[in-house]
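Engineer: Sequence and predicted model, in that order:
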Amino acid sequence: MADIKQQIFQELASLEEAAARLRGTAVAAGKQTDLEVAILTEQVKSLRDKNARASELIDKSINVLKKLS
């Protein structure tokens, strides 16, 4: 009976260790995802700024071409 109890406690300890590792993995994945989202947000902001500037330059170019016509 003592052997069975000991085996149960060993299995529980093993499960506890596995759960702790999984928790650590989940936390790391969450941090990775947060970092990726922050990077993508900055990239989108940068692209929107560049698109706005490109639109301004296109509008100026069209105005110059209209004046030359």
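Structural biologist: Noted; the coordinates are in hand.

Engineer: buried residues in stretch 10-28?
Structural biologist: The neighbour-count check on stretch 10-28 (16 or more other C-beta atoms under 10 Å) flags nothing as buried. (Each C-beta comes from the backbone N, C-alpha and C, glycine too.)

Engineer: Run the chain-centre distance for it.
Structural biologist: Computed by C-alpha atoms, centre = their mean, to the nearest Å, the chain-centroid distance of stretch 10-28 equals 24 Å.

Engineer: what mean pLDDT does that stretch have?
Structural biologist: For stretch 10-28, mean pLDDT rounds to 93.

Engineer: now swap in stretch 49-57 and tell me
Structural biologist: The model assigns stretch 49-57 a mean pLDDT of 96.

Engineer: Can you check the pLDDT for residue 62?
Structural biologist: pLDDT at residue 62 comes out at 94.

Engineer: Next: the one 5 residues further on.
Structural biologist: Note for residue 67: predicted pLDDT of 92.

Engineer: How about residue 4?
Structural biologist: The predicted local confidence for residue 4 is 88.

Engineer: Quickly find the element holding it.
Structural biologist: helix 2-68 (DSSP states H and E).
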